[in-house]
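Undergrad: show me the folded form of this:
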Amino acid sequence: MNTEIKIDLQDTQWQFDYVDHDRNIARAIVYDESGQFYFVRAQRDDEFGKATLIETSGGGLEEGEDLLTAIKRELKEELGVKVAVICKIGVVSDYYNLIHRHNINNYFLCKVESFGDKNLTEDEKNSFHLSTLKLSYEEAVKEYEHRANTKLGKLIANRELPVLRRAKELIDSCQ
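TA: The predicted model follows:
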C-alpha cells in the first residue's frame, strides 16, 4: 500500500520577511528499467548565489493544467522523456524566503517509457544551463549531499532526499 508522504519545511537559509505567493509545482522521481534515476543539473548565478545543483525535474502548473498533465509536460520538456506515472509519492511544502514564495511540491514516481527531444525554455538553457543527470540511487544521494554546500543546495536537498528515499522504497517493494 502506498502511503503518501507529507513534509512541511521552513527556509533556514534566508531570513523570513513575508510570503506573497504560493506556487503549485509538479515534480517527479524518474527511473528506468535498469534502476537508474534521472535528474536535472542547474548551474546558477543569480539572487540565490552561484551554485551547481541537482534537482528533480518539474515545474509550476500552467493555467488550467492538472498535476498529471503538468508532470508529463515538464518531464518531456526538461528530460525529453515520455513516462508512465506509477503513483503519487506525496507533497512537500517548503519556502524560498529570499523571493517570498511558498512552494507546494507534488511528487510523483514515474518510469521512463521512451526518450525523445527536450524542449527547454530560453531561461532554462541560458540562465540555468539545465542538463540531464543519469545516476544510480547511491550516486544521487551523494550528489544531493555534496550540492548541499550552498544555501539553495541545502534547501533542495532537505526537500528532495526524503522523497528520493521514499521512491526507492516504493520501487524496491514492487520487485
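
Undergrad: count the neighbours of the closest residue to residue 15 other than its chain neighbours for me.
TA: Using Cβ to Cβ, 6 or more residues apart in numbering and skipping residues adjacent in sequence, the residue nearest residue 15 is residue 97, 6.4 Å away. Where C-beta positions appear, they are placed from N, C-alpha and C, glycine not excepted. Residues contacting residue 97 under the criterion other Cβ atoms under 10 Å number 18.

Undergrad: and residue 97, what pLDDT?
TA: According to the predicted model, the pLDDT of residue 97 comes to 96.

Undergrad: pull out the buried positions in the helix or strand bottoming out on mean pLDDT in the chain.
TA: Sorted by mean pLDDT, DSSP states H and E, the helices and strands of the chain end with helix 122-126, the least confident at a mean of 77. Of all the residues in helix 122-126, those buried under the rule 16 or more other Cβ atoms under 10 Å are residue 124.

Undergrad: how far does it sit from the chain's center?
TA: The chain centroid and the centroid of helix 122-126 are separated by 17 Å under Cα atoms, centre = their mean, to the nearest Å.

Undergrad: residues contacting residue 106?
TA: Neighbouring residues of residue 106 by Cβ atoms under 8 Å, 6 or more residues apart in numbering: 24, 25, 26, 27, 67, 71, 88, 91.

Undergrad: would you mind measuring from the third one to residue 9?
TA: Plainly put, residue 26 is 18 Å away from residue 9 if you go by Cβ to Cβ, to the nearest Å.

Undergrad: these two: who's more crowded?
TA: More neighbours surround residue 26 than the other of residue 26 and residue 9, with 27 against 15 (other Cβ under 10 Å).

Undergrad: surely that one is in contact with residue 58?
TA: Yes. In terms of Cβ atoms under 8 Å, residue 26 counts as a neighbour of residue 58; the distance is 5.2 Å.

Undergrad: now do the shared contacts for these two.
TA: Shared contacts of residue 26 and residue 58, defined by Cβ under 8 Å, 6+ apart, are found at 70, 71, 74.

Undergrad: skipping its backbone neighbours, what lies nearest the second one in space?
TA: The reference is to residue 71. Nearest residue to residue 71, sequence neighbours excluded (Cβ to Cβ, 6+ apart): residue 26, at 4.1 Å.
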